[in-house]
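Engineer: would you be able to build a 3D model of this:
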Amino acid sequence: MNAQASRIMVVEDDAALAELLVEELEAEGYLASAFGSAEEALEQIDALAPELVVSDLQLPGADGLALVEHLRSREPPPGVLMISAFGTVDRAVAALKAGADNFLTKPLDMDHFLLSVKRLLEYRRLYRQAREIEKTYDAPSFHGIEGRSPVMLGLFERIRKIAGAGGPVLISGESGTGKDLVARAIHAESERSDQPFLAVNCAGIPADLLESEFFGHAAGAFSGAEQARTGLFRQADGGTLFLDEIGEMPLALQAKLLRALQDGRVRPVGADREYQVDVRLVAATNVDLLEKVTAGEFREDLYFRLEAFQLTVPPLRERGEDLELLAMRFLLRFAVARQRPARSLSEQALRRMRAYAWRGNVRELRNAMERAVTFCDRAEVGPEHLPERIRTESGRPGAEGSGAIPPALLEGDVLPTLNELRQRYIHHVLERVDGNKRRAAALLGVGRRTLYRWLDEQGADS
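Structural biologist: Below you'll find the model as predicted:
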């Protein structure tokens, strides 16, 4: 929308300043109207439907903050430029928290004022444009998890059922798939939703501090423990405790965690009494806990206590149409936030993205879209704006994740059957990853159970 079509409301009780601002805005080609109070402006808001409201913070009757709150309830909300003669940091912060887009102090520098108006109008134009495009990629959001592929809709339904069960939950999935969001969704769908949800990364806390972190400690229990600490279990009493990367928990602490799950009682380090707690435990891992059990690195009894209710978050490469959906939503959010021109993905860029393995999953996709928006100076993102690994790995013949068939697999006078070709390709991938079945399954785009079944079928046929 050009400047001549942009409508601006000026809400200012200083009549001389209001007249000056209207004159300056009209000289720039805008359609400007002045009002002496918030009440007067709100009476005309529907008729004028302004794209931008310039308002004084101090007004007779309802003040500028009350006006902002009302404007933010409109759809779409207009931009808001707040001005005030009382330019304290606290007031500016209050205005921005209420929903103002910018805050200027009086006396106004007119060039700075007009530049701010121009930028805010451009931002609102980009915002509306992005909202319209987003409707094309609309999808159900399940407690912050976006997706409409069958595997994700199935996951949402399993979360609903498990949330009502009440027992511990084990969430497995590759790094970057959103296991933390799944944990929060379980809590939100449960009867504990109005109680605390606490999260801790087991790999992010030194091993010698984990017990104190979980169960608390008494004052003087060890050097530096000057005050008593309640611990996460007691802080989460009545709610949910989410333990991310539980596979990194030391064996000694696993035994105490199991006891807390079984008895519902915890003893702070150095304390002479126990405390009863009611906590639902949700744990997450991106490693195979059964393999760690076999290796003696994870307690078998704790594993079976956790896996009664197990959820697997699918990797991005198994989510079909969600790849483009999520990519576009990330792209539009970054484009609006950074005021960049990118609005779509070229078919060439999408082909590269579909062929890529996405080992970092949704987190990697988000970072890739942030980079693309930053380096793209036109409306359409091309392959050249994507990270190099996506451009080269997905496009190189025989590359991991490219889906290309290495010529060596077709050698011989007789072409192989589809089943023979599949078995040859499986072994080709296994050789490329030094026999790592987890990585091989990821590159083949299947679950490990499917890979094991294929290998078993080959053994039965040979």
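
Engineer: please make it C-alpha for all contacts and neighbour counts, starting now.
Structural biologist: OK.

Engineer: quick check: which element contains residue 238?
Structural biologist: Using DSSP states H and E, residue 238 falls within no helix or strand.

Engineer: pull the contacting residues for it.
Structural biologist: By C-alpha atoms under 8 Å, 6 or more residues apart in numbering, residue 238 lies in contact with 192, 195-196, 277-280.

Engineer: ok, residue 33 - contacts?
Structural biologist: Contacts of residue 33 (C-alpha under 8 Å, 6+ apart): 8-10, 22.

Engineer: what's the closest of these to residue 146?
Structural biologist: Using C-alpha to C-alpha, residue 8 comes nearest to residue 146 of the contacts of residue 33, at 35.8 Å.

Engineer: can you pull out the residues in contact with the strand or helix carrying residue 291?
Structural biologist: Element membership for residue 291 (DSSP H and E) is helix 289-294. For helix 289-294, the external contacting residues (C-alpha under 8 Å, 6+ apart) are 247, 298-300, 303.

Engineer: same check, this time on stretch 10-30
Structural biologist: Counting by C-alpha under 8 Å, 6+ apart, 3-8, 31-38, 41, 53-56, 59-60, 114 sit against stretch 10-30.

Engineer: and it, what's its mean pLDDT?
Structural biologist: Averaged over stretch 10-30, pLDDT sits at 92.

Engineer: so which of the contacts of stretch 10-30 belong to helices?
Structural biologist: Using DSSP state H, the subset of those located in helices is 38, 41, 114.

Engineer: redo the residues you listed as JSON lines? Include distance to residue 265.
Structural biologist: Listed next are the ones in helices among the contacts of stretch 10-30 as JSON lines, based on distance: C-alpha to C-alpha, whole Å:
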{"residue": "38", "distance to residue 265": "57"}
{"residue": "41", "distance to residue 265": "60"}
{"residue": "114", "distance to residue 265": "64"}
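
Engineer: got a markdown table for these, with pLDDT and neighbour count too?
Structural biologist: A markdown table is the format used below for the ones in helices among the contacts of stretch 10-30 (pLDDT from 0 to 100; neighbours: other C-alpha atoms under 10 Å):
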| residue | pLDDT | neighbour count |
| --- | --- | --- |
| 38 | 88 | 25 |
| 41 | 89 | 21 |
| 114 | 93 | 16 |
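
Engineer: for the helix or strand that contains residue 180, packing partners?
Structural biologist: Using DSSP H and E, residue 180 falls within helix 179-189. Using 3 or more C-alpha pairs under 8 Å, 6 or more residues apart in numbering; DSSP states H and E, the elements in contact with helix 179-189 are helix 150-163, strand 169-172, strand 240-244, strand 280-285.

Engineer: okay, these in JSON lines with distance to residue 213 and mean neighbour count next?
Structural biologist: Output for the helices and strands packed on helix 179-189, formatted as JSON lines (distance: least, C-alpha to C-alpha, whole Å; neighbours: other C-alpha atoms under 10 Å):
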{"stretch": "helix 150-163", "distance to residue 213": "26", "mean neighbour count": "16"}
{"stretch": "strand 169-172", "distance to residue 213": "21", "mean neighbour count": "23"}
{"stretch": "strand 240-244", "distance to residue 213": "12", "mean neighbour count": "25"}
{"stretch": "strand 280-285", "distance to residue 213": "15", "mean neighbour count": "24"}
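
Engineer: let's have those in a markdown table, adding distance to residue 333.
Structural biologist: Below are those laid out as a markdown table (distance: least, C-alpha to C-alpha, whole Å):
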| stretch | distance to residue 333 |
| --- | --- |
| helix 150-163 | 22 |
| strand 169-172 | 28 |
| strand 240-244 | 27 |
| strand 280-285 | 28 |
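
Engineer: packing partners for the helix or strand hosting residue 233?
Structural biologist: Per DSSP H and E: residue 233 is located in helix 232-235. Contact analysis of helix 232-235 by 3+ C-alpha pairs under 8 Å, 6+ apart lists helix 207-215 as its packing neighbours.

Engineer: could I have the CA atoms of the helix it packs on written out in CSV?
Structural biologist: Output of helix 207-215 as CSV, limited to C-alpha atoms (Å, rounded to 0.1, in the frame of the first residue of the first chain):
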residue,chain,number,x,y,z
ALA,A,207,26.8,-34.8,38.0
ASP,A,208,27.8,-33.9,41.6
LEU,A,209,25.0,-31.3,41.8
LEU,A,210,22.2,-33.4,40.2
GLU,A,211,21.0,-35.0,43.5
SER,A,212,20.7,-31.6,45.2
GLU,A,213,19.0,-30.2,42.1
PHE,A,214,16.4,-33.0,42.2
PHE,A,215,15.8,-33.7,45.9
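
Engineer: buried residues in it?
Structural biologist: 207, 210-215 (16 or more other C-alpha atoms under 10 Å).

Engineer: same thing with stretch 92-101?
Structural biologist: So, applying 16+ other C-alpha under 10 Å, buried residues of stretch 92-101: 92, 95-96, 98-101.

Engineer: from residue 233, how far out is residue 206?
Structural biologist: 18 Å (C-alpha to C-alpha, to the nearest Å).

Engineer: and those two? Which one has more around it.
Structural biologist: residue 233 (27 against 10; other C-alpha atoms under 10 Å).

Engineer: what sits against that one?
Structural biologist: 214-215, 241, 266, 277, 279.

Engineer: give me the low-pLDDT residue ranges for the stretch 51-200 of the chain?
Structural biologist: Where the stretch 51-200 of the chain drops to pLDDT under 70, the residues are 87-89, 129-140.

Engineer: and the strands in it?
Structural biologist: Applying DSSP state E, counting those that start in this stretch to the stretch 51-200 of the chain gives strands spanning 52-56, 79-84, 102-105, 141-142, 145-146, 169-172, 197-201.

Engineer: the longest one pairs with which strands, parallel or anti?
Structural biologist: Looking back up the chat, that one is strand 79-84. strand 52-56 (parallel), strand 102-105 (parallel) (DSSP bridges).

Engineer: and if you look at the last one?
Structural biologist: Here the strand partners of strand 197-201, with direction, are listed using DSSP bridges: strand 240-244 (parallel).

Engineer: other residues contacting the strand it pairs with?
Structural biologist: By C-alpha under 8 Å, 6+ apart, strand 240-244 touches 180, 183, 187, 192, 195-203, 232-233, 279-285.

Engineer: next, the angle from it to helix 207-215.
Structural biologist: 160 degrees (axes from the mean of the first three to the mean of the last three C-alpha atoms, to 10 degrees).

Engineer: helix or strand next in line after strand 240-244, which one?
Structural biologist: helix 251-263.

Engineer: relative to helix 207-215, how tilted is that next one?
Structural biologist: 10 degrees.

Engineer: tell me what helix 251-263 is packed against?
Structural biologist: helix 300-306.
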